[in-house]
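Novice: Mind looking at a prediction? Sequence and model below.
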Amino acid sequence: MATAGSIVLDLLMRTGSFETDVARASRVSQKRLKEIEKQAQETAAAVTRSLSNLFSGALFGVGVGTVFAKFIEESKNAQNEQAQLAAALKSTGEAAGYSISQLNKMAAEFSGASVFSEGDINRAQTRLLSYTGIVGEEFPRALQAAIDTATRMGMTVEQAAETVGRALDVPSAGLSALSKQGFRFTEDQKKLVEQLEKTGKTAEAQGIILSALESS
């Protein structure tokens with residue numbers, strides 16, 4: 001039969017054991033929490049580095065929440081740009097002679113050789129596609145002219161694409177419009193453009209304007 005003393009002793013021993021188990025569990029939990037925190041910090045740092053590369057280092061020191069918000073915004077913009085490009089191709093029946101994959105490859109190449117992003121180039125391509133007379137080899141030349149014009153005039157490449165697109169759509173009228181913006185054309189060039197346009201040789205007339213833009 002247990003005595004009062006033995007009961008108390010047993011209770012103390014059990015309590016001490018319980019406290020030891022609690023303390024041990026607490027230490028394990030704290031250790032695990034520190035591991036989780038470390039993993040979270042490493043993951044956040046990795047994400048920040050990856051997105052920092054994506055946005056050319058502009059996100060240094062920015063919180064992860066801001067990083068993801070910017071990433072989502074950029075993703076939406078890219079989706080919108082692709083949707084508009086696809087819509088332009090569909091509405092024109094790919095009159096320019098390029099598929100969306102070819103245009104994206106072109107955008108990547110032009111972006112790498114300019115200060116404009118692929119998204120900027122895509123928007124310019126969409127603008128140029130609305131002018132169905134710009135086709136084949138003239139299309140990338142027109143795009144390059146838009147990039148050069150944007151750089152020279154301090155405008156967006158999309159705005160420059162509108163200017164170039166209009167000029168090439170009706171070469172004779174476009175030549176006059178470009179002259180007002182400071183581009184130089186000789187009288188012989190003006191007469192030749194008008195003559196080519198009247199005889200249905202629009203591509204050749206466009207070539208004269210593009211050559212003038214390239215030389216300037």
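Specialist: Yes, it's here.
Novice: in this structure, which ranges drop under the pLDDT threshold?
Specialist: Along the chain, the parts satisfying pLDDT under 70 run over 1-74.
Novice: if we go to 80?
Specialist: 1-77, 181-183, 216 (pLDDT under 80).
Novice: all helices for it, in order.
Specialist: Residue ranges of the helices in the chain, as given by DSSP state H, are 4-54, 64-92, 100-112, 118-129, 138-153, 157-169, 171-180, 187-198, 202-215.
Novice: So which residues make contact with stretch 142-156?
Specialist: For stretch 142-156, the external contacting residues (CB atoms under 8 Å, 6 or more residues apart in numbering) are 106, 110, 114-116, 120-121, 123-125, 128, 134, 157, 159-161, 163-165, 168, 181, 206, 210, 213-214. From N, CA and C alone the C-beta is placed, and that goes for glycine too.
Novice: Now for residue 157: which residues touch it?
Specialist: 116, 120-121, 123-124, 146-147, 150.
Novice: one more time with 7 Å, if that's ok
Specialist: 116, 120-121, 124, 146-147, 150 (CB atoms under 7 Å, 6 or more residues apart in numbering).
Novice: want to try a markdown table for the residues you listed, with neighbour count and distance to residue 140 as columns?
Specialist: Below are the contacts of residue 157 laid out as a markdown table (neighbours: other CB atoms under 10 Å; distance: CB to CB, whole Å):
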| residue | neighbour count | distance to residue 140 |
| --- | --- | --- |
| 116 | 21 | 15 |
| 120 | 21 | 16 |
| 121 | 26 | 11 |
| 124 | 27 | 11 |
| 146 | 29 | 10 |
| 147 | 23 | 10 |
| 150 | 23 | 15 |
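Novice: want to try TSV for those residues, with distance to residue 173 as columns?
Specialist: Shown next, in TSV, are the contacts of residue 157 (distance: CB to CB, whole Å):
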residue	distance to residue 173
116	27
120	27
121	26
124	21
146	18
147	23
150	21
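Novice: Now flag whichever of the residues you listed is closest to residue 84.
Specialist: If you rank the contacts of residue 157 by distance to residue 84 using CB to CB, residue 124 comes first, at 11.4 Å.
Novice: Next one: the closest residue to the closest one other than its chain neighbours from residue 201, what distance?
Specialist: Nearest non-adjacent residue to residue 124, counting by CB to CB, 6 or more residues apart in numbering: residue 161, 3.8 Å away. The gap separating residue 161 from residue 201 is 24 Å, by CB to CB, to the nearest Å.
Novice: The two: who's more crowded?
Specialist: residue 161 (30 against 15; other CB atoms under 10 Å).
Novice: Next up, the contacts around the more buried one.
Specialist: 124, 127-128, 146.
Novice: Next, count neighbours for the closest residue to residue 212 other than its chain neighbours.
Specialist: Once flanking residues are discounted, residue 212 sits nearest to residue 185: 5.8 Å by CB to CB, 6+ apart. The burial count assigned to residue 185 is 17, neighbours taken as other CB under 10 Å.
Novice: List the residues that contact residue 185.
Specialist: Residue 185 neighbours (CB under 7 Å, 6+ apart): 175, 179, 212.
Novice: any idea how far residue 85 is from it?
Specialist: Noted for residue 185: a distance of 32 Å to residue 85, by CB to CB.
Novice: do the same with residue 125
Specialist: Applying CB to CB to residue 125 and residue 85 gives a distance of 6 Å.
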